[in-house]
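Visitor: Got a sequence here, can you model it:
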Amino acid sequence: MTETASRIPQGERSRAMRLRLLEATVDCLVELGWSGTTTTVVSQRAGVSRGAQLHHFPSKQALVVAAVEHLAERRRDELRRRAEGLPEQDRIRGVLELLAGQFVSPVFFAALELWVAARTDAELRELVGPLERRIGRETHAYAVELLGIDEARGDNRQLVQATLDLVRGLGLAASLTDDAKRREAVLDSWAEVLGRELVIS
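Guide: Okay, here's the model as predicted:
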């Protein structure tokens, strides 16, 4: 052990190693897909020995569960950071751009790999399903907050849910081809719909 490493507390080194493994898992999911993401590949990419990786995450399942949690935190933090720059003028269109951006990001594509794998893997579905539902509720609540509306009024709740379904669908389309131009046109049209239909608080 080097002198510098010996001065870093064990707990801090352990957290840093865990973070490297989680980040490497996310990167592998995006670049290699579910089938190409193995604990061996992840440990190599993270620069962590197999023994250390197994100490933190004894199986691929354990590693992916932790990575899913990590994905959720990254998605939430990224959304909040970007929301700080929302314009007051034409706010609805800005909110749509913000939400749509979440669904064309590497974080979303990594999560998408988990969804697809969970469709035929009951054990993984048990882990991914509840987390995705929780993220869905959090994203819905945050969209309501960003739009400055009372979701109990008029059709606000359904309009927000339709918005999230729309941007998720646009994200799925973007996973296969770059359709940024079409996406922008769709968001422009939907912003007009929301401007007419939302009951603003």
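Visitor: Could you state which residue of the protein sits nearest its centroid?
Guide: Arg75 (3.9 Å; CA atoms, centre = their mean).
Visitor: what's the following helix or strand after the helix or strand encompassing it?
Guide: Assessed by DSSP states H and E, Arg75 sits inside helix 60-83. Where DSSP H and E defines the elements, the next helix or strand beyond helix 60-83 is helix 91-102.
Visitor: For that next one, which helices and strands make contact with it?
Guide: With contacts defined as 3 or more CB pairs under 8 Å, 6 or more residues apart in numbering; DSSP states H and E, helix 91-102 has these neighbours: helix 60-83, helix 122-147, helix 156-174, helix 180-197. C-beta here means a position set from N, CA and C on the backbone, and glycine is covered the same way.
Visitor: Tell me which of the ones you listed lies nearest to Val95.
Guide: Ranking those by proximity to Val95 (CB to CB) places helix 122-147 first, at 4.7 Å.
Visitor: pLDDT on that closest one, on average?
Guide: When pLDDT is averaged along helix 122-147, the result is 88.
Visitor: what sits up against stretch 12-24?
Guide: 5, 42-43, 45-48, 52-53, 56-57, 63, 66-67, 70 (CB atoms under 8 Å, 6 or more residues apart in numbering).
Visitor: Now the two most distant members of those.
Guide: Farthest pair in the contacts of stretch 12-24, by CB to CB: Ala5 and Ala67, 25.6 Å.
Visitor: Show me which of these two is the more surrounded one.
Guide: Ala67 (24 against 8; other CB atoms under 10 Å).
Visitor: low-scoring pLDDT stretches of this structure, where are they?
Guide: Along the chain, the parts satisfying pLDDT under 70 run over 1-8, 201.
Visitor: same thing but 80
Guide: Applying pLDDT under 80 to the chain picks out residues 1-11, 61, 65, 68-69, 71-72, 74-76, 85, 87, 201.
Visitor: Of the contacts of stretch 12-24, which qualify as buried by neighbour count?
Guide: For the contacts of stretch 12-24, a burial check counting by 16 or more other CB atoms under 10 Å picks out 42-43, 45-46, 48, 52-53, 56-57, 63, 66-67, 70.
Visitor: Make a markdown table from those residues and add distance to Phe103 to it.
Guide: Listed next are the buried ones among the contacts of stretch 12-24 as a markdown table, based on distance: CB to CB, whole Å:
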| residue | distance to Phe103 |
| --- | --- |
| Val42 | 25 |
| Ser43 | 30 |
| Arg45 | 25 |
| Ala46 | 27 |
| Val48 | 31 |
| Ala52 | 34 |
| Gln53 | 30 |
| His56 | 30 |
| Phe57 | 27 |
| Leu63 | 24 |
| Ala66 | 23 |
| Ala67 | 19 |
| His70 | 18 |
